[in-house]
Structure formats: C-alpha cells, structure tokens
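Novice: Coordinates for the following, if possible.
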Amino acid sequence: MITTPLKIGIAVACLVGIAAIIAVDQVRLQRRESLTITTVAAPSVQTALPPVVAPAAAPVVAPPVAEPVICPTPAAEAPAKPAAAPVKELDRVYTVVQGDSLYGISTKVFGTPRHYERIYEANRDRIKDPNTLQVGINLKMPDVAPKAAQ
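Specialist: Residues are numbered from 1 along each chain as shown. Okay, the predicted model is just below:
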C-alpha cells in the first residue's frame with residue numbers, strides 16, 4: 001500500500017506539472033497574440049525626393065511580348081432563371097423524417113422557426129403531441145405571407 005505522504009507527494013507533482021503546462025500554453029498564446037496584433041503608425045509627411053537616375057552603362061531591354069490570348073465568347077447567353085412556379089397543393093406537403101421537429105421543419109420550409117405553431121394548428125388532426133412526430137407522416141404546410149416567410 002502507498003502511504004499518505006507518498007500519495008500527497010504524487011498529487012502535488014501532478015498539480016505542478018499541470019500548472020507548468022498551463023503556464024507554457026499561456027506564454028504561447030501571448031506570443032501568438034502579440035504577433036497578430038500590429039499597430040499602424042500614423043502616416044508622416046514626406047518631402048518629395050529628386051528622381052533617381054540609373055547609370056547609363058546597361059541599356060534597358062523590354063521583355064518579349066507574348067501573343068494575346070483570345071477567349072471565345074459564348075454563342076448565346078445563359079438563359080435567365082425561370083420565374084417561380086406557382087405553388088401547387090403537392091408542394092405544400094412535408095414528409096417527416098427521423099429527427100424532425102416542428103421547429104426544425106419551420107426552419108427548413110420557411111427559413112425561420114417562428115411558424116412552428118402554424119404548422120401544428122394546420123395539422124392538429126395528424127399530430128397528437130407536438131413534441132413527438134411520427135416518421136413518414138405528411139404534414140400540410142400553412143400559407144405564409146412572403147414577408148413573414150423571410
């Protein structure tokens with residue numbers, strides 16, 4: 001059996017080791033922050049310098065000019081997006097999948113979770129408990145004004 005002073009010594013050694021690891025991590029974090037935070041000095045007023053004249057010993061040679069690349073233009077522009085199709089009765093039905101909730105369905109269908117109560121009211125005959133939905137049932141989606149859907 002290990003004696004009590006030995007247990008205390010082991011515990012203290014572990015705590016000192018953990019404290020050292022935390023200290024090293026803090027130093028690394030401070031260094032990383034000091035490298036990423038840079039201050040920009042206010043621009044100073046500079047006087048115009050005279051132009052620098054290159055020595056006339058070496059003539060300047062222009063680099064060779066590559067032939068221009070001509071990209072073919074498309075024959076016809078891409079067709080514009082078709083107008084939104086009118087909502088059919090079939091488009092306003094949602095089939096419940098595993099893990100769905102009224103909150104999640106409202107977010108998926110309308111883009112906001114605030115219509116979950118409307119979905120419940122429209123499907124009271126199909127939903128016994130709004131907190132548990134049966135997988136595979138088809139839910140009618142209520143009509144929501146476009147402003148409210150966004």
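
Novice: going forward, measure contacts between C-alpha atoms and count neighbours the same way
Specialist: Will do.

Novice: can I assume Tyr94 sits in a strand?
Specialist: Yes: counting by DSSP: H, G, I helix; E, B strand; the rest coil, Tyr94 falls inside a strand.

Novice: burial measure for it, as a count.
Specialist: Using other C-alpha atoms under 10 Å, Tyr94 has 15 other residues around it.

Novice: That one contacts Asn138, correct?
Specialist: Yes: under the criterion of C-alpha atoms under 8 Å, Tyr94 makes contact with Asn138 at 5.4 Å.

Novice: where do the contact lists of the two overlap?
Specialist: Contact criterion C-alpha atoms under 8 Å, 6 or more residues apart in numbering; no residue bridges Tyr94 and Asn138 by contacting each.

Novice: pLDDT weak spots in the protein?
Specialist: Across the chain, the stretches falling below the confidence threshold (pLDDT under 70) are 1, 32-91, 145-150.

Novice: Where do the strands of the chain begin and end?
Specialist: Listed in chain order, the strands of the chain (DSSP state E) span 93-95, 138-140.

Novice: Which strands and helices lie in contact with the first one?
Specialist: Think strand 93-95. Packing partners of strand 93-95 (3 or more C-alpha pairs under 8 Å, 6 or more residues apart in numbering; DSSP states H and E): strand 138-140.
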